[in-house]
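Colleague: Predicted model and sequence follow; I will ask about them next.
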Amino acid sequence: MSTSLENFKAICRQNGIPDEDYTTVPGYYQDTIAHEDRIGLPLPNDVAMAYIDCDLFSSTKIVFQFLGARMKHGMILALDDYFCYSPHTLSGERLACLEFLRNDRRFHFSPFVQFGWHGMSFIVEDRAMPPSSDPGIL
């Protein structure tokens, strides 16, 4: 919650990701992607992988609203704080993810890779996608 934009860009460069390969949108989710028509920046429509590090339910819910229109079969979603929730109830990113899937029945999230004790990634699968007719593919 406290990484500066310059520090973020330095981390990306250290990991071989040049500045021109991504777009940053500084600000809070409720002020930026929730009102993408007002920020004056082109936001991506063709998303292959989304790394969600929102911590909170309210922020993650906004991100899922943004991604809902951009979601597609084969997309990878990684939720940095998927397993960070209250000891008494589901909350945070996991609750927002489950709520999205309950309200938007177009997709199924197939578990992909768990990272650390806190993160989980998923492959987005389109429920309308017909199974393969190739007998060699399960």
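Modeller: Thanks, I have it. Numbers count the residues shown, from 1 in each chain.

Colleague: hey, where'd the helices end up in this protein?
Modeller: Taking DSSP state H to define them, one finds helices in the chain at 5-14, 57-68, 92-103.

Colleague: and stretch 104-122, which residues are buried?
Modeller: By neighbour count on 16 or more other CB atoms under 10 Å, the buried set for stretch 104-122 is Phe107, Phe109, Gly119, Met120, Ser121, Phe122. In this view, the C-beta of every residue, glycine as well, is placed from N, C-alpha and C.

Colleague: tell me the two of those residues that are most distant?
Modeller: Maximum pairwise distance among the buried residues of stretch 104-122 (CB to CB): 19.6 Å, between Phe107 and Gly119.

Colleague: Output the helices of the chain in TSV, with distance to Ile76, mean neighbour count and mean pLDDT appended to each entry.
Modeller: Output for the helices of the chain, formatted as TSV (distance: least, CB to CB, whole Å; neighbours: other CB atoms under 10 Å; pLDDT from 0 to 100):
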stretch	distance to Ile76	mean neighbour count	mean pLDDT
helix 5-14	18	11	93
helix 57-68	12	18	93
helix 92-103	14	18	95
